[in-house]
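Engineer: make a model of this:
(chains A, B, C and D)
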Protein chains: 4
Amino acid sequence: MDATPFDYQAVLDQVARDVAPLVGAGTPAEYIPALASVDPAQFGMALVTMGGKVFGVGDWQVPFSTQSITKVFTLALALSAEGGDSLWERVGREPSGNPFNSLVQLEYENGIPRNPFINAGALVVTDRLQTLTGDASSELLKFLREESGNPDVAFDAEVAASEHEHGDRNAALAHFMASYGNIDNPVPALLDHYFWQCSIEMSCADLARAARVLARHGLRADGSRLLTRSGAKQINAVMLTCGTYDAAGEFAYRVGLPGKSGVGGGIVAVVPGRCALAVWSPGLDAHGNSVAGVAALDRFTTLTGMSVF
Amino acid sequence: MDATPFDYQAVLDQVARDVAPLVGAGTPAEYIPALASVDPAQFGMALVTMGGKVFGVGDWQVPFSTQSITKVFTLALALSAEGGDSLWERVGREPSGNPFNSLVQLEYENGIPRNPFINAGALVVTDRLQTLTGDASSELLKFLREESGNPDVAFDAEVAASEHEHGDRNAALAHFMASYGNIDNPVPALLDHYFWQCSIEMSCADLARAARVLARHGLRADGSRLLTRSGAKQINAVMLTCGTYDAAGEFAYRVGLPGKSGVGGGIVAVVPGRCALAVWSPGLDAHGNSVAGVAALDRFTTLTGMSVF
Amino acid sequence: MDATPFDYQAVLDQVARDVAPLVGAGTPAEYIPALASVDPAQFGMALVTMGGKVFGVGDWQVPFSTQSITKVFTLALALSAEGGDSLWERVGREPSGNPFNSLVQLEYENGIPRNPFINAGALVVTDRLQTLTGDASSELLKFLREESGNPDVAFDAEVAASEHEHGDRNAALAHFMASYGNIDNPVPALLDHYFWQCSIEMSCADLARAARVLARHGLRADGSRLLTRSGAKQINAVMLTCGTYDAAGEFAYRVGLPGKSGVGGGIVAVVPGRCALAVWSPGLDAHGNSVAGVAALDRFTTLTGMSVF
Amino acid sequence: MDATPFDYQAVLDQVARDVAPLVGAGTPAEYIPALASVDPAQFGMALVTMGGKVFGVGDWQVPFSTQSITKVFTLALALSAEGGDSLWERVGREPSGNPFNSLVQLEYENGIPRNPFINAGALVVTDRLQTLTGDASSELLKFLREESGNPDVAFDAEVAASEHEHGDRNAALAHFMASYGNIDNPVPALLDHYFWQCSIEMSCADLARAARVLARHGLRADGSRLLTRSGAKQINAVMLTCGTYDAAGEFAYRVGLPGKSGVGGGIVAVVPGRCALAVWSPGLDAHGNSVAGVAALDRFTTLTGMSVF
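Structural biologist: A predicted model of the protein is given here:
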């Protein structure tokens, strides 16, 4: 299963050399102190094969704030927990064409967010997971520890508190959807779970391991099934069309892989049936995606031909 | 001062006869039980002269839920308390062209509401009054009791609780503006004051008396000055262009007076330098304005020629 | 009828002195050469009494490009020609809350413009007048010559040609409404009439005389009736709420009179039952209204107390 | 090259049996007579291998109106003709999140359409091809005849005339972009080329053959290169994220292939490096995509596992 035609370590090394001039470019997220104070001159990348072999380069074992990347795993857990499709009556699967935290489209579409990766959509998914499990953020943390094999994966209380303090926009989104009947749990509790999820710290190695379930068509690290093959395919499709904020078309065009980014500078990407990747560098472009991270994935698909297109 | 050319009582009686077929038309507000259960077959109208003489017809002494009408008085108090113009840096004076509780325009205009009579704008005004006085809703109640001369004017706790329960949209507006830095007080406390204000019960007689300050160019019932002449003129101008939700143009076209409506079915109107009016009938049109109330004011200006146009 | 309490000439002289520091402020319209090349250091103001007596100050007899001001007269002619209300099924009477040439609201409201003074609405009114008379622009010119008593009022062919050359936005509006079935005449012919109307040159004296019909509740210069009393009142109401682009609230707040501005720097204003005014100075504010013109009307209502509020 | 693991004919036969109950479901496009009068009970599907071998089922050789499908080929020709990237300064590559003919987003984004497959974007691409070649529609027809190997591929004059007659919305889009300086050619001529392109009739066999260039990473039927490998990848990426109107996410989710649909009921899809497909059935869903066509592609990727995810 791991007899690939590639010397992955050599590829990662090459990628790291090629994007070195871009490390430090862009601007780290500034809306909370914990993100703004990160040293921008960091870069890491990890790859996990189907069989679980891990390759890495640079700062691939340094934990960072995953932020929106965890939305992918919350979605996977919610779909797994409900074992059905009813979530899709409350959140769409279409690109938004608007900034990730916009209320405009939400109003025109009566409180149904466009997709699970804009903030409004992620709030609905978290709300659903909360209803199904009673403790959405703990379920997520437990899952990420198990898949990464790293029991030290943890919430960052300072980040969660900062998110809360700057959380008026998300509170507005949640109350707004509640006014349309699209939130089941009390808004303050929901926001707590949402902010805890965003605060989780993981390294590229941790994240790539956790994303392997999507490359393996729904099979977890222990071999049990989290998602049906169809469910895993669907999440990959949503990642490709909606996973990188308002630049999903650009990401598809340049990288051509399902991916999900976070404003901490991380990106996970999936080559279905082949491998899972995670990359991290704090400097962001105007859309909120890591400058060196996108470039690294672009180089990776160019060197390996592994784009889905 | 009261030697007017009109027999106001005869005019009100005529108006009441003329609009009788419309009383009961339209639909009472249904979003909270206390409003939905009101008997729609009620109609009252009151007029107060510059000198304080009161005329009335029908149910003009029956208290009803003033709802958004109080926004006019909150605005007057905030402008009076700050004794300046800085409020207008945080809220505009232009008609909105969108429903009263829309978030769309708010997003395009970076958290600055269009005018003080849409919900978002009224939240900003309440926030300002709260900062200036420390107890916005109590200040408003005190003022309305004094101007109406009725110490029984009171909050309705059931209505306030219902508003709170259905208050997700307003919570969304407040948090959204807070995310732009346009709310100074904690959102939950602000919402409390806002909902208490909406819950105040007054009769047409009470309201007409309270609105006299705007007909008298800023002079209160006790002869003291609440607003400068210019300040009173400005509030009247904003009432005319923004006072009746998304139908201000229609109201100007038909009635031609500064006016402010509420979803309880009440409307106050001002003939600057002449008199103040209040009318009430619970059935609303599609824009949220009282069907019989607008018709009564239309008849009043036709019979008296008192339109500003 | 002309025994007014005011020495209008003295008032105009005072206004001119007071606003002199503002003459030249702002920026003339720059989208067509004929407007951009006008000397900005000009200011004129004229007043016509109900009986037809004319007062003037400064450049009150200098012809300038009326631009959007003619929309008022086209509206009056269309309402007069149809002798009914059916026009209001095709155009609203509400303030727009958006720039004068925006397509956004038009799309959300299925091709029905908000009011007759934004470009889209004026196109519908011109379309209606064209259907009713067969030659909308000639009818307008004939009317303006008769009311102003000036047979030299004329189209400016250079301005009309420039408007046409820069007319893509208006062509877009017309085709867009045609796609909703809200334009009856061929778009190219309609645009021709529209651009000719905008090109008409008149002086403040001409314009004030022409606007007298609205101060006289619908009576023309020759004593015949153009509009019912109610029709004239309605046009005045629409002017107050929609007559000065996206600053109608500000204009109502400062001036408090029905008024209509044009990007040539002119404004007409009406004091119903008292007089008609026209003012002109080419420098515009950010909303497209004459800086010195708005200030002059503001001073006029302050000096005379003639605001409707 | 054609030694595939699949018996494609058997797969197509299976797909046709599976979707038979859906043939006739949905509603043919009704805005022009030529489309509305098509017999909805038709279904065809064709597949072309990398080597050029063609398989087909049902009405796979019946010509139908390609409509928006030709936008893919116009884009390929424009990119090929300019041999560069400057087109992307005038049109984006992001999903629109709005209906295909909306002006709203265009206004907020200053006349730059979101992507080349919404009408506004296709008008820009056609404008560019017109500037580069002098005869955009003839260039397209010539290319489609050559790639399909069918010299009978032709414009349908009746369809083009109907499109023109109902073309006010597209005229509005073109004039609107021209007002932002984003159209180089005269609008009427541009619209002619645009409508001619939409009118081209082709069969599933013709279309699949023509789309082979995108499966072959840019190589034409005669072995010459139309696009760089990167250029072909980019078009495929745009097809996946933007190719099926406002349902691209749904299409990615269900089908997982780059595809482009037309309101004639046709869809082309590409499996990069494997094959090209075309399917046709006139009944459309609410988004304007063929009901049986989407279902057939869904079945195809399920049966073959050929989804990119």
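Engineer: going forward, measure contacts between C-alpha atoms and count neighbours the same way
Structural biologist: Fine.
Engineer: need the pLDDT of residue A:105.
Structural biologist: pLDDT for residue A:105: 77.
Engineer: tell me which element the residue lying closest to residue A:52 once chain neighbours are set aside falls in.
Structural biologist: Leaving aside its sequence neighbours, residue A:52 sits nearest to residue A:209 (C-alpha to C-alpha, 6 or more residues apart in numbering or on different chains; 7.3 Å). Here residue A:209, judged by DSSP states H and E, is contained in helix A:204-215.
Engineer: for that helix, the distance to its chain's centre please.
Structural biologist: 10 Å (C-alpha atoms, centre = their mean, to the nearest Å).
Engineer: phi and psi next, for the closest residue to residue A:226 other than its chain neighbours.
Structural biologist: Nearest non-adjacent residue to residue A:226, counting by C-alpha to C-alpha, 6+ apart: residue A:218, 5.4 Å away. When read as degrees, to the nearest 10, the backbone of residue A:218 gives phi 110, psi 0.
Engineer: next, find the distance separating residue A:250 from residue D:248.
Structural biologist: Separation of residue A:250 from residue D:248 (C-alpha to C-alpha, to the nearest Å) stands at 15 Å.
Engineer: looking at the two now, which is surrounded by more residues?
Structural biologist: Set side by side, residue A:250 and residue D:248 show more neighbours around residue D:248, with 28 against 19, by other C-alpha atoms under 10 Å in any protein chain shown.
Engineer: settle this for me: that one is touching residue D:241, isn't it.
Structural biologist: Yes: between residue D:248 and residue D:241 there is a contact under C-alpha atoms under 8 Å: 5.6 Å.
Engineer: what parts of the stretch 101-250 of chain A come near chain B?
Structural biologist: Residues of the stretch 101-250 of chain A lying near chain B by C-alpha under 8 Å from any C-alpha of the partner chain: A:102-104, A:107, A:166-169, A:171-176, A:178-179.
Engineer: helices - which of those residues land there?
Structural biologist: Among these, the members found in helices (DSSP state H) are A:104, A:107, A:168, A:169, A:171, A:172, A:173, A:174, A:175, A:176, A:178, A:179.
Engineer: and the pLDDT for the third one?
Structural biologist: Looking back up the chat, that one is residue A:168. pLDDT, residue A:168: 95.
Engineer: dump the residue contacts of it.
Structural biologist: B:175, B:176, B:178, B:179 (C-alpha atoms under 8 Å, 6 or more residues apart in numbering or on different chains).
Engineer: neighbour-wise, which one of these leads?
Structural biologist: Neighbour max across the contacts of residue A:168 (other C-alpha under 10 Å) = residue B:176, 29 neighbours.
Engineer: what's near enough to touch it?
Structural biologist: Taking C-alpha under 8 Å, 6+ apart, we find residue B:176 in contact with A:168, A:169, A:171, A:172, B:111.
Engineer: looking at the stretch 101-250 of chain A, which residue is nearest chain D?
Structural biologist: Relative to chain D, the nearest point of the stretch 101-250 of chain A is residue A:249 (4.4 Å; C-alpha to the nearest C-alpha).
Engineer: for that residue, give its distance to residue D:286.
Structural biologist: 23 Å.
Engineer: cool, residue A:217 as well?
Structural biologist: Taken as C-alpha to C-alpha, the span from residue A:217 to residue D:286 is 31 Å.
Engineer: which one of these two has more residues nearby?
Structural biologist: Ranked by neighbour count (other C-alpha under 10 Å), residue A:217 and residue D:286 place residue A:217 first, with 23 against 11.
Engineer: residues contacting the more buried one?
Structural biologist: By C-alpha under 8 Å, 6+ apart, the neighbours of residue A:217 are A:227, A:228, A:229, A:230, A:231, A:232, A:233, A:272, A:273.
Engineer: ok, 7 Å please
Structural biologist: Residue A:217 is in contact with A:229, A:232, A:233, counting by C-alpha atoms under 7 Å, 6 or more residues apart in numbering or on different chains.
Engineer: likewise residue A:185?
Structural biologist: The contact partners of residue A:185, taken as C-alpha under 7 Å, 6+ apart, are residue A:127.
Engineer: does it count as helix, strand or coil?
Structural biologist: Counting by DSSP: H, G, I helix; E, B strand; the rest coil, the backbone at residue A:185 sits in coil.
Engineer: how much space between it and chain B?
Structural biologist: Distance from residue A:185 to chain B, counting by C-alpha to the nearest C-alpha, to the nearest Å: 13 Å.
Engineer: could you do residue A:78 as well?
Structural biologist: Distance of residue A:78 to chain B, given as C-alpha to the nearest C-alpha: 25 Å.
Engineer: same check, this time on residue A:115
Structural biologist: Residue A:115 sits 19 Å away from chain B, going by C-alpha to the nearest C-alpha.
Engineer: let me see the contact set for that residue.
Structural biologist: Neighbour list for residue A:115: A:91, A:92, A:93, A:94, A:95, A:121 [criterion: C-alpha under 7 Å, 6+ apart].
Engineer: how close does it get to residue C:62?
Structural biologist: From residue A:115 over to residue C:62 the distance is 60 Å, taken as C-alpha to C-alpha.
Engineer: repeat that for residue A:230.
Structural biologist: Residue A:230 is 76 Å from residue C:62, by C-alpha to C-alpha.
Engineer: again with residue A:39
Structural biologist: 67 Å.
Engineer: buried ones in the strand or helix carrying the residue of the stretch 101-250 of chain A closest to chain D?
Structural biologist: Per DSSP H and E, residue A:249 falls inside helix A:248-254. Within helix A:248-254, the residues that count as buried by 16 or more other C-alpha atoms under 10 Å in any protein chain shown are A:248, A:249, A:250, A:251, A:252, A:253, A:254.
Engineer: output the contacting helices and strands for that helix.
Structural biologist: Secondary-structure packing of helix A:248-254 (3 or more C-alpha pairs under 7 Å, 6 or more residues apart in numbering or on different chains; DSSP states H and E): helix A:229-242, helix D:229-242.
Engineer: quick check: what element follows it along the chain?
Structural biologist: Remark: after helix A:248-254, the chain's next helix or strand is strand A:259-261, criterion DSSP H and E.
Engineer: what is the mean pLDDT for that following strand?
Structural biologist: The average pLDDT for strand A:259-261 rounds to 97.
Engineer: from the contact counts, what lies against that strand?
Structural biologist: helix A:229-242, strand A:266-271.
Engineer: go again with 10 Å.
Structural biologist: Where contact means 3 or more C-alpha pairs under 10 Å, 6 or more residues apart in numbering or on different chains; DSSP states H and E, strand A:259-261 is packed against helix A:70-82, helix A:229-242, helix A:248-254, strand A:266-271, strand A:275-280, helix A:291-304.
Engineer: just checking: what are the partner strands of it?
Structural biologist: Counting by DSSP bridges, the strands paired with strand A:259-261 are strand A:266-271 (antiparallel).
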